[in-house]
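>>> With the sequence up front, the predicted model follows.
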There are 4 protein chains.
Amino acid sequence: MKGFMYPRTDTGKSSILPPTPWHYSGELITFEYRVDPAEVAALLPEGMELADEDPGAIAFIWADWQSCSDSFEELLDPIRCQYKEAFVVIRCKYQGKTYSRCAYIWVDKDYAILRGQHQGYPKKLGSIHQTRVFALGKATPRLEKGGKFGCTLAAYDRRLAEGRFEITAEAEKPGFVNGHPMLHNRWMPAIEGNGTDSLNEVVTMSGFDGQMGRCFKGNIDFSLFDSPVEELTRLKPKEIIGGYWHEVCTSWKAGTTLARNNL
Amino acid sequence: MKGFMYPRTDTGKSSILPPTPWHYSGELITFEYRVDPAEVAALLPEGMELADEDPGAIAFIWADWQSCSDSFEELLDPIRCQYKEAFVVIRCKYQGKTYSRCAYIWVDKDYAILRGQHQGYPKKLGSIHQTRVFALGKATPRLEKGGKFGCTLAAYDRRLAEGRFEITAEAEKPGFVNGHPMLHNRWMPAIEGNGTDSLNEVVTMSGFDGQMGRCFKGNIDFSLFDSPVEELTRLKPKEIIGGYWHEVCTSWKAGTTLARNNL
Amino acid sequence: MKGFMYPRTDTGKSSILPPTPWHYSGELITFEYRVDPAEVAALLPEGMELADEDPGAIAFIWADWQSCSDSFEELLDPIRCQYKEAFVVIRCKYQGKTYSRCAYIWVDKDYAILRGQHQGYPKKLGSIHQTRVFALGKATPRLEKGGKFGCTLAAYDRRLAEGRFEITAEAEKPGFVNGHPMLHNRWMPAIEGNGTDSLNEVVTMSGFDGQMGRCFKGNIDFSLFDSPVEELTRLKPKEIIGGYWHEVCTSWKAGTTLARNNL
Amino acid sequence: MKGFMYPRTDTGKSSILPPTPWHYSGELITFEYRVDPAEVAALLPEGMELADEDPGAIAFIWADWQSCSDSFEELLDPIRCQYKEAFVVIRCKYQGKTYSRCAYIWVDKDYAILRGQHQGYPKKLGSIHQTRVFALGKATPRLEKGGKFGCTLAAYDRRLAEGRFEITAEAEKPGFVNGHPMLHNRWMPAIEGNGTDSLNEVVTMSGFDGQMGRCFKGNIDFSLFDSPVEELTRLKPKEIIGGYWHEVCTSWKAGTTLARNNL
């Protein structure tokens, strides 16, 4: 049986995911701010602790991507290479090392959900939008002081998050919260429904061949809204750190299992 | 950490899935036909064999569901309880017993994808439609001889399957292919990308409190179309068995692991 | 050039609308309540007045439709026959006669937008959901005392309206607000952008071959939410009249022009 | 009553369109090729003739837009400013002058449909995708020789058109078919359903403050597919002219009525 992910067949042609590596080109808008560290702690499983420094700092990030496999075929059938995501990154300490960790994430394509599951991102479907930059005209911000951007996230017909970003200056890097290797859990409950997990792993990973392009910082305004099936409003900003727009590319091939079955 | 599935938090409120049991009420249209048994064999992992009788018989099924958790809250926020699916069922023999097995499946909500993953259904997103029955007027088939229904499936902006069904008579049951306990694999590739799986289980399951309502059989016309990321056209009908429309309900709580790591 | 609506070609095959008559089969949920009559008056163009009796009564209605042309072809390609709508109906007096009038309406298909424009319904796109009734199981209300339904409307990733309805008893008819012939305007601004209209008609219409099926009344709970591009919250309930669920069919062929260019 | 387009209220706040001018910033991919001139003639109403030169030349164009009103508010709520379109442009001669004319067009937002109707574009809803250019990485073409792009159009779950474009060199302009003032009809059938039109205008228009940015030409591959409700396959390429990628901005305020009621 072939196929990186399901469905597996004798050819693997219909697998929802092609084999790694996967390549990404995108534009990101990052909202960094502080919440009560207890709210970050509430997102950490046993064995993970708050980061030593600035433990309440989190990042809410919007990303507008093209991505493809090593065949590059997806680039010519663009409904298969374009997707958007919005995600919440926290930091934690595990076995003495500081990691970034995705606490919540929404994407708008099924292959993106499945890639995320492989990597331990807790992906749901959402409707995600961020203002783009075009070269000409009045219907676009410019990449310069005063350029204004909006970001929105919705799921199940409710708006969940909304941010506005206005460029003040060029920046060295797009914040610090999402800057460590990722530390994720991969869980699958046992089919017996007995409260145990059949899959229970702590994994870490980083991309390769990453590059950062233009990067700007600026002022932000950020709001979160209620939903009966979300708990984002627990992460309302107490103190703003800042906002960032930047270009990025990366490729991803594999990660490392740090623990299995809590061992 | 609480939450049946990810994300897990101290409350579990934002888990993409509520705990089981899950309840389902729906209407299904089934297209049963025969393909070359070699095409069914190509969909079976090691350890599973073709069914002894009529091994090339398969079912392509459309389902129009409402489903909910034991809280029943989803029923009052209907975007969270309504979904559609189209799926291919084959049969196989495993450890001497005959099972039904879902080879391909498309749904239109993220929670449906995740429930399927828990159960071993290889779910993708699709656009799924089937003609409904209304009580009055000219814009509906009637549940009687001559009632005509259409079913369509698309993914990534390509139509993948199309069926037409015309009622000829009442029926005892909606075919035989989807009538056994399900036998599914639950796979998750190792994060190391080394060709091994971190999760590799053979599971079986059945619903409970199932009931069948009105059931009709009839004539069918069925077509499959190409896609660069599917292999459905390998399952083009060689011989038609028949078509069925029926009402059904079921609930689902848990299954049983039959094998793990190929043991 | 042939084609009921655009595009018009030598064949008319690609017209976004087939010729009338159009046939409809559906299920509706109606929320009737009173608002300040001044808010109804604010929705009436010159020449139309408030209804003499109960002028602040309005109806917010959800409809789950199949519809088709006289070819009935759409019924076998169900993505072309199924659509949902949510709409606000007010009443008014015009030339001494009482009419129903659609003040706001959202649908989820383009052909439904265009049919509405022909009829003078001010249609926008929305995401519309209402709980359905299935024959069996726990994931459905029953058509009897205690049966509970939810209705939601969203547009541009914001939830705009939400209603809940619980059956108390059978009913004779589904309210009174939507019970008169419709009185609509058909407007098209002049291309010169000079504030005048090229099309400016008052039209009236009714369906034919209409039938009402099962009909129930009950208690309701109803909420409206803000949006920067809507003004629905002006229509928040001051006093509840009641709620209704009913089956209906109708056909529609043509209407009558009552005035043109304000004459 | 205020509101550029419906719904009209005392405030105009909920009008599906804000007042003109409207501003556009975008990236376009153009496929120019020749068809049998008889197929172009079949798309022209009485009074319009084939262009004198190269009458069978047409353009199939994909556009990826941000657009906004003079308030610029839409740019900060990007679901309200981003849309895509795919459209067919032909040329014609009317009253001795050569015009461009949109024969078919699909967009993915309701406000875009309505703006099109005001301007005489025969807009339907579709699913439209074109490869984008990012600054970095492997998941993007570069704006240089060898850069490859894909374009797709689907409606009602059927893929209708697919094009591939590969840059060969910089270009002066993006073809010639879409280079004239537009000549459109604005039609609305009489509500009486008697085969006459209540609105029947020939209008012409051009944008203002237009600018062209980077422009490239290249080789193309182009395919059209069948649908029961389209006639695009009549426009299959007989001879390729060429392909273009370019950046553009424009603003639009008003047009001119050239004829009304065929006079």
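Looks like it arrived, so ask away. Numbers count the residues shown, from 1 in each chain, chains lettered A, B, ... in the order given.

>>> switch to C-alpha atoms for all contacts and neighbour counts from now on
Fine.

>>> The closest residue to chain B within the stretch 151-263 of chain A: how many residues sit nearby?
Of all residues in the stretch 151-263 of chain A, A:E230 sits closest to chain B, at 4.4 Å by Cα to the nearest Cα. A:E230: 18 surrounding residues under other Cα atoms under 10 Å in any protein chain shown.

>>> tell me the contacts of the residue nearest to it when sequence neighbours are not counted?
Spatial nearest neighbour of A:E230, chain neighbours left out: B:S14 (4.4 Å); criterion: Cα to Cα, 6 or more residues apart in numbering or on different chains. Contact partners of B:S14, counting by Cα atoms under 8 Å, 6 or more residues apart in numbering or on different chains, are A:229-231, B:3, B:7-8.

>>> returning to what we had before: for the residue of the stretch 151-263 of chain A closest to chain B, list the residues it contacts.
A:E230 neighbours (Cα under 8 Å, 6+ apart): B:13-15.

>>> How many residues are close by A:G242?
Residues near A:G242, counting by other Cα under 10 Å: 18.

>>> Next one: stretch A:206-214, is it in contact with chain B?
No - applying Cα under 8 Å from any Cα of the partner chain, one finds stretch A:206-214 separated from chain B by no less than 11.6 Å.

>>> near chain D at all, that stretch?
Yes - remark: stretch A:206-214 sits within contact range of chain D at A:210-213, by Cα under 8 Å from any Cα.

>>> and the residues you listed, which are buried?
Using 16 or more other Cα atoms under 10 Å in any protein chain shown as the burial test, the residues of stretch A:206-214 next to chain D include A:210, A:212 as buried.

>>> wait, which of the residues of stretch A:206-214 next to chain D is closest to B:I61?
If you rank those by distance to B:I61 using Cα to Cα, A:G210 comes first, at 44.3 Å.

>>> For the stretch 101-250 of chain A, which segments count as strands?
A:123-125, A:127-130, A:148-155, A:158-170, A:182-189, A:197-205, A:208-224, A:239-252 (DSSP state E, counting those that start in this stretch).

>>> Now do the SS call for A:F60.
Put simply, A:F60 is strand when judged by DSSP: H, G, I helix; E, B strand; the rest coil.

>>> Quick check: bridge partners of the spatially closest residue to it that is not a sequence neighbour?
Excluding the flanking residues, the one nearest A:F60 by Cα to Cα, 6+ apart is A:V88, at 4.5 Å. Applying DSSP bridges to A:V88 gives these bridge partners: A:F60, A:Y104.

>>> Show the pLDDT at A:V88.
On the pLDDT scale, A:V88 is placed at 98.

>>> same deal with the one 5 residues further on?
Model confidence at A:K93, given as pLDDT, is 98.

>>> Doesn't it belong to a strand?
Yes - the assignment for A:K93 is a strand, going by three-state DSSP.

>>> residues near it, how many?
For A:K93, using other Cα under 10 Å, the count is 19.

>>> near chain D, which residues of the stretch 101-250 of chain A show up?
A:129-132, A:134-140, A:148-152, A:164, A:210-213, A:247-250.

>>> make it 6 Å
Selection of the stretch 101-250 of chain A residues close to chain D by Cα under 6 Å from any Cα of the partner chain yields A:129-131, A:136-137, A:139, A:149-150, A:249.

>>> Including distance to B:D64, pLDDT and neighbour count, could these go into JSON lines?
Converted to JSON lines, those look like this (distance: Cα to Cα, whole Å; pLDDT from 0 to 100; neighbours: other Cα atoms under 10 Å in any protein chain shown):
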{"residue": "A:H129", "distance to B:D64": "30", "pLDDT": "98", "neighbour count": "25"}
{"residue": "A:Q130", "distance to B:D64": "34", "pLDDT": "98", "neighbour count": "28"}
{"residue": "A:T131", "distance to B:D64": "36", "pLDDT": "99", "neighbour count": "26"}
{"residue": "A:L136", "distance to B:D64": "47", "pLDDT": "98", "neighbour count": "21"}
{"residue": "A:G137", "distance to B:D64": "46", "pLDDT": "98", "neighbour count": "23"}
{"residue": "A:A139", "distance to B:D64": "42", "pLDDT": "98", "neighbour count": "30"}
{"residue": "A:F149", "distance to B:D64": "40", "pLDDT": "98", "neighbour count": "24"}
{"residue": "A:G150", "distance to B:D64": "37", "pLDDT": "98", "neighbour count": "24"}
{"residue": "A:C249", "distance to B:D64": "41", "pLDDT": "98", "neighbour count": "26"}
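
>>> hang on, the earlier thing: and the residue nearest to A:F60, what is it in contact with?
A:59-60, A:102-104 (Cα atoms under 6 Å, 6 or more residues apart in numbering or on different chains).

>>> redo that, cut-off 8 Å
A:58-61, A:102-105.

>>> Kindly provide the distance from it to B:G12.
17 Å (Cα to Cα, to the nearest Å).

>>> Residue of the stretch 151-263 of chain A closest to chain D, please.
For the stretch 151-263 of chain A, Cα to the nearest Cα, closest residue to chain D: A:C249, 4.9 Å.

>>> okay, now the nearest residue in space to that residue that is not next to it in sequence: neighbour count?
Sequence neighbours aside, A:S25 is the residue nearest to A:C249 in space, at 4.4 Å (criterion: Cα to Cα, 6+ apart). Around A:S25 there are 26 other residues, counting by other Cα under 10 Å.

>>> Tell me the bridge partners for A:S25.
A:Q66, A:C249.

>>> Let me know the pLDDT of it.
The model's pLDDT for A:S25 equals 98.

>>> what inclination does the helix or strand hosting A:C68 have with respect to strand A:208-224?
Assigned by DSSP states H and E, A:C68 belongs to strand A:57-69. Counting by axes from the mean of the first three to the mean of the last three Cα atoms, to 10 degrees, strand A:57-69 points 130 degrees away from the direction of strand A:208-224.
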